[in-house]
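Peer 1: how would this look folded up:
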Amino acid sequence: MNETTSDAEHIRKTLRLRAEALARPVAAPPDETEFLEVLEFGLAEERYALETAHVHEVQPLRRLAPIPCTPPFLRGLVHLRGRLVAVIDLKKFFDLPEHGITDLHHVVVLQKSEMDIGLLADTVYGVRMLPRDAVQPPLPTLTGIRADYLKGITAERVVVLDAPRILADPRFIIDENVHS
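Peer 2: Residues are numbered from 1 along each chain as shown. So this is what the prediction gives:
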């Protein structure tokens, strides 16, 4: 066997291997329905998340105006782009430890139709994708008000909240009529 034949054989073998590699089926891109895009934020040293489909915007907390005759978890109103948004303190609502409000807090605005509700967040970590199967349903032994608003929890202990349930809660709607 001469040198030219072995080179030609080597080239054919290399081309065949390349062709086989290119002919292999391409792995399908991950199905977007297999993931949840969430906004992750902090409350009282715990990590929470909400699906971004329900988040309208996130703003630094500025000029929180208290509202008289409201439950303690309703911290007040903020003015955002020409509209008033009620701000709910989930720490008070979920009975989590709190250390007061600072200028480092953020308002996570949830929107449903014409209604906006702001949720007070200690820290906003950002947006990320969570595999749906990574969100485990809450334990059946979990009770209390937090259990009503839980979509699930991840192995990293990120609590995924159910935004539609929060938006549907009648306790978060301000009744303009003051009853004496």
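Peer 1: Below-threshold pLDDT in the protein: ranges please.
Peer 2: 1-5, 26-33, 100, 102-103, 140-146, 173-180 (pLDDT under 70).
Peer 1: could you point out the longest helix in it?
Peer 2: helix 3-23 (DSSP state H).
Peer 1: Tell me how far that helix lies from the chain's centre.
Peer 2: Chain-centre distance of helix 3-23: 51 Å, with CA atoms, centre = their mean, to the nearest Å.
Peer 1: next SSE after it?
Peer 2: Helices and strands here follow DSSP states H and E; after helix 3-23, the next one along the chain is strand 35-43.
Peer 1: ok, which stretches of the chain are helices?
Peer 2: Secondary structure of the chain by DSSP H: the helices cover 3-23, 90-93, 145-148, 163-168.
Peer 1: Dump these into TSV; add distance to T70 and mean neighbour count as well.
Peer 2: Quick note: C-beta positions are derived from backbone N, CA and C, even for glycine. Putting the helices of the chain into TSV (distance: least, CB to CB, whole Å; neighbours: other CB atoms under 10 Å) gives the following:
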stretch	distance to T70	mean neighbour count
helix 3-23	65	9
helix 90-93	11	20
helix 145-148	17	14
helix 163-168	17	17
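Peer 1: Distance to F41 for the ones you listed - can I get that in a markdown table?
Peer 2: Rendered in a markdown table, the data for the helices of the chain read as follows (distance: least, CB to CB, whole Å):
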| stretch | distance to F41 |
| --- | --- |
| helix 3-23 | 44 |
| helix 90-93 | 10 |
| helix 145-148 | 15 |
| helix 163-168 | 12 |
